[in-house]
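Student: need the 3D shape of this:
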Amino acid sequence: MISATPGPIKLFLVEDNPADVRLIQEMLSGTGAVPFSLEIATSLAAALVRLRAGGIDVLLLDLGLPDSRGLSTFASIHDAIPALPIIVFTGFGDQSLALQVVQQGAQDYLVKGQADSNLIWRAIRYAVERSRGSRELVLSETRVRHLNDSLERRVADRTAELAAANRELETFTYSVSHDLRAPLRQIDGFSRILVEHAGPGLDSKSQHYLHRIQEGTQHMGRLVDDLLNLAQLGRQEVNTRLTPLDGLVNDALGELRADMGDRVIQWAIGSLPVVECDPGLMKIVLTNLLSNAIKYTRPREVATIEVGYTVSDGWDTIFVRDNGVGFNMKYADKLFGVFQRLHRADQFEGSGVGLATVQRIIHKHGGEIWVETQPDQGATFSFTLAQRGACPGAESP
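Tutor: Model (predicted):
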């Protein structure tokens, strides 16, 4: 039992999102039955400095930090302090990444938005008991097997919970498509009829109000469509094959010609590799990234957009770089969230779903995506894919 341990449980939370920090603090304080102390760091570098000083019982870790992301975040800490119990927090839809972390040594993982006080403290209890048990005695073979079986059951239970949540999401998307789109079409249709029948007799202010109603319903319709498309990606199978990215980039640019108009854009498109991917999904990724580059370089008299790739440790990293408006990197963690926008809608149009779609596709391919940018200095979006033969849904040669 945790209560038998002398002194409070010393917890260390590594999370850079203030809202998530407050939520986790409230859930930790929810039971009030277990004394604990909590320290907080907002970056990997700061976390490593504190952890090397010792004195921490359990680490609560978010994998997406300003200076590190994904598996590398966990690996950096686990390699430095291998005996430290680590509980990983992950977002909905990232369960495959979380399972990889558990397989590499994490004590457990919790899904943000689904964890509550009891679930967090249950995970902490398991972590503390396992850690202190390993320091006090050599576990018998039966005990080790029991703990492994318990972990596998908990992973299976959590996976089942996530599968149930996915089914609920499918039900929700069905409801949205039938119950929300119909009234939107009615509002838009009747407002158009009103304009046709009464428009000439209305004063300018009333006509302006009607125009705003039409704009709002049409924008809401696009948001619903984008949200449905994003949700459907979760159910779509990834059918990969060897695909030249050069052809996908050319196809994407062909579809984006209308967005360019008569603007002056200097393109630097290097020779791109042949990768194992789902060509349909990868075209969506490239179209979104290129569309953003075109959009956010609009204020430039001469826009510069570069597409290329680098190779590091056998991994291909594809990038799209522009000289657009950029943004502050401290908001980068919000960039891939649904409906998260870093610029005002009157400056740059969009629904805030495109990059969330891109990230979901890249994750379904076993890869990672990130951005490097500064305000008014452009942005570089880079992504990797699983190495050949390791991508989910890969076809056998």
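
Student: what separates the residue of the chain positioned farthest from its centre from residue 207, distance-wise?
Tutor: Largest separation from the mean C-alpha position in the chain: residue 201, at 50.0 Å (CA atoms, centre = their mean). Distance from residue 201 to residue 207, counting by CB to CB, to the nearest Å: 10 Å. All C-beta atoms are positioned from the backbone trio N, CA, C, and that covers glycine.

Student: what does residue 273 give?
Tutor: For residue 273, the distance to residue 207 equals 54 Å [CB to CB].

Student: likewise residue 327?
Tutor: In terms of CB to CB, residue 327 sits 36 Å off from residue 207.

Student: residue 260: neighbour count?
Tutor: 13 (other CB atoms under 10 Å).

Student: cool, residue 357 as well?
Tutor: 20.

Student: my guess is it contacts residue 281. True?
Tutor: No: contact criterion CB atoms under 8 Å: residue 357 and residue 281 do not qualify, at 9.4 Å.

Student: next, the contact list for the nearest residue to residue 383 once chain neighbours are set aside, please.
Tutor: Take residue 383 and drop its neighbours on the chain: the residue closest to it by CB to CB, 6 or more residues apart in numbering is residue 369, 4.0 Å away. Applying CB atoms under 8 Å, 6 or more residues apart in numbering, we find residue 369 in contact with 336, 358, 359, 362, 381, 382, 383, 384.

Student: rerun that using 10 Å as the cut-off
Tutor: Residues near residue 369 by CB atoms under 10 Å, 6 or more residues apart in numbering: 69-70, 285, 289, 318, 335-336, 355, 358-363, 381-384.

Student: number of residues surrounding residue 321?
Tutor: Residues lying near residue 321 (other CB under 10 Å) number 19.

Student: confirm it sits in a strand?
Tutor: Yes: if the criterion is DSSP: H, G, I helix; E, B strand; the rest coil, then residue 321 is within a strand.

Student: identify the bridge partners of it.
Tutor: For residue 321, the beta-bridge assignment (DSSP bridges) gives partners residue 306, residue 380.

Student: quick one on the thing from earlier: what residues does the residue farthest from the centre of the chain make contact with?
Tutor: residue 207.

Student: the closest residue to residue 278 other than its chain neighbours and residue 162, how far apart?
Tutor: Closest residue to residue 278 apart from its sequence neighbours, by CB to CB, 6+ apart: residue 238 at 4.9 Å. As judged by CB to CB, residue 238 and residue 162 stand 18 Å apart.

Student: check residue 372 too.
Tutor: To residue 162, residue 372 is 31 Å away according to CB to CB.

Student: and if you look at residue 113?
Tutor: Counting by CB to CB, the gap from residue 113 to residue 162 is 12 Å.

Student: show me which of those two is the more surrounded one.
Tutor: Taking neighbours as other CB under 10 Å, residue 113 and residue 162 compare with residue 162 leading, 18 against 10.

Student: span of stretch 251-269 from start to end?
Tutor: With CA to CA, to the nearest Å as the measure, stretch 251-269 spans 13 Å from end to end.

Student: tell me which residues are up against it.
Tutor: Stretch 251-269 is contacted from outside by 246, 249-250, 279, 282-291, 293-295, 297-298, 300-308, 320-323, using CB under 10 Å, 6+ apart.

Student: how far is it from where the chain is centred?
Tutor: Here the centre of stretch 251-269 is set off from its chain's centre by 28 Å, with CA atoms, centre = their mean, to the nearest Å.

Student: let's number from 527 now, not from 1
Tutor: Sounds good: first residue 527 from here, last item stretch 777-795.

Student: quick check: buried residues in that stretch?
Tutor: For stretch 777-795, the neighbour count (16 or more other CB atoms under 10 Å) marks 778, 779, 782 as buried.

Student: and after the helix or strand containing the first one, which helix or strand comes next?
Tutor: Assessed by DSSP states H and E, residue 778 sits inside helix 771-781. Heading C-terminal from helix 771-781, the first helix or strand you meet, by DSSP H and E, is helix 783-786.

Student: now do that following helix, average pLDDT.
Tutor: The average of the pLDDT scores along helix 783-786 is 82.

Student: tell me the angle the helix or strand that that helix is followed by makes with helix 771-781.
Tutor: Remark: after helix 783-786, the chain's next helix or strand is strand 791-795, criterion DSSP H and E. With axes from the mean of the first three to the mean of the last three CA atoms, to 10 degrees defining the directions, strand 791-795 sits at 160 degrees from helix 771-781.

Student: any idea how far the helix or strand immediately after strand 791-795 in the chain is from the middle of the chain?
Tutor: With elements assigned by DSSP H and E, the helix or strand that comes after strand 791-795 is strand 800-803. Mean-position distance between strand 800-803 and its chain equals 22 Å (CA atoms, centre = their mean).

Student: is it true that residue 642 touches residue 649?
Tutor: No: using CB atoms under 10 Å as the test, residue 642 is too far from residue 649 to be in contact (11.2 Å).

Student: joint contacts of the two?
Tutor: Shared contacts of residue 642 and residue 649, defined by CB under 10 Å, 6+ apart, are found at residue 636.

Student: who's more crowded, the two?
Tutor: residue 649 (21 against 11).

Student: do you know the pLDDT at the closest residue to that one other than its chain neighbours?
Tutor: Closest residue to residue 649 apart from its sequence neighbours, by CB to CB, 6+ apart: residue 634 at 4.5 Å. For residue 634, the model assigns a pLDDT of 87.

Student: phi, psi of residue 634?
Tutor: Phi and psi for residue 634, reported as degrees, to the nearest 10, are phi -170, psi 170.

Student: that concludes my questions; thank you for your assistance.
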